[in-house]
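K.L.:
would you be able to build a 3D model of this:
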Amino acid sequence: MPVIHRFDPPERFVAGTVGEPGQRTFFLQARAGTRITTVALEKQQVAALAHRIDELLDEVMRAAGEDVVVPAVTPKDLADDLPLEQPIVEEFRAGTMTLAWDDSDDSVVVEVFPFTEESVIAPDQPEEEISEPEPAEILLVRLRPGQARAFCERAERVVAAGRAPCPFCGGPVDPEGHLCPRANGFKRSGA
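P.N.:
Numbering: from 1, shown residues only. This next block holds a predicted model:
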């Protein structure tokens, strides 16, 4: 039986980082009272989660009409620019994440499962050989629509705050430049 870190709803659910651009570690953090759960994940996972939550909220707005109140933008009182709660204690590293809309209470449900080597599937692996291992822990967060929009807005800012992309190849540019594949191995500067 897995340990479920349940926040229904959390007082705070944010994405944040520790470290300098190019060396940042990304985290999801949920808090309810003094209980805090922190999960490490990749930058691309943060970006994908924020993008999918935004899409889900937009789909609900279109489908539900006036039946469900979903803000089109982040409500001003829910914007969160505070740093991550300290101390940062990583519960696990995120692997699979699921996302759903629960009609029963008009909430976004986010489930984050730990990364395990057993859950990596080879491209040539037959479907009948695929078995999901039982996770040791799960982060389960239920967000009100306004909270979900606030999460997305902050997550997008956190992702964008890293190194600027190269205008030629799209790869990240360090302050001292980078070896751009579009320049045949010549170093392009960050300026």
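
K.L.:
ok, and the closest non-adjacent residue to the most centrally placed residue in the chain?
P.N.:
Note on the chain: the residue nearest the mean C-alpha position is Val46, at 2.8 Å, using C-alpha atoms, centre = their mean. Excluding its sequence neighbours, the residue lying closest to Val46 (C-beta to C-beta, 6 or more residues apart in numbering) is Ala15, at 4.8 Å. Where C-beta positions appear, they are placed from N, C-alpha and C, glycine not excepted.

K.L.:
by contact count, what packs against the helix or strand the one you found falls within?
P.N.:
Assigned by DSSP states H and E, Ala15 belongs to strand 12-18. Packing contacts for strand 12-18, counted by 3 or more C-beta pairs under 8 Å, 6 or more residues apart in numbering; DSSP states H and E, involve strand 25-32, helix 43-64, helix 145-160.

K.L.:
which residues touch the shortest one?
P.N.:
Contact with strand 25-32 is made by 5, 7, 10-19, 36-43, 45-46, 49, 84-85, 88, 90, 94, 112, 139, 141, 158, as judged by C-beta atoms under 8 Å, 6 or more residues apart in numbering.

K.L.:
give me the buried subset of those residues.
P.N.:
Burial by neighbour count, 16 or more other C-beta atoms under 10 Å: within the contacts of strand 25-32 this picks out 5, 7, 10, 12-17, 36-41, 43, 45-46, 49, 84-85, 94, 112, 139, 141, 158.

K.L.:
for the protein, give me the ranges with low pLDDT.
P.N.:
In the prediction, the chain carries residues with pLDDT under 70 at positions 118-125, 127-132, 185-191.

K.L.:
now with 80?
P.N.:
64-67, 117-133, 170, 174-178, 182-191 (pLDDT under 80).

K.L.:
would you mind listing the buried residues in the top strand by length along it?
P.N.:
Counting by DSSP state E, the longest strand found in the chain is strand 90-102. Under the neighbour-count criterion of 16+ other C-beta under 10 Å, strand 90-102 has 91-92, 94-95, 97, 101 buried.
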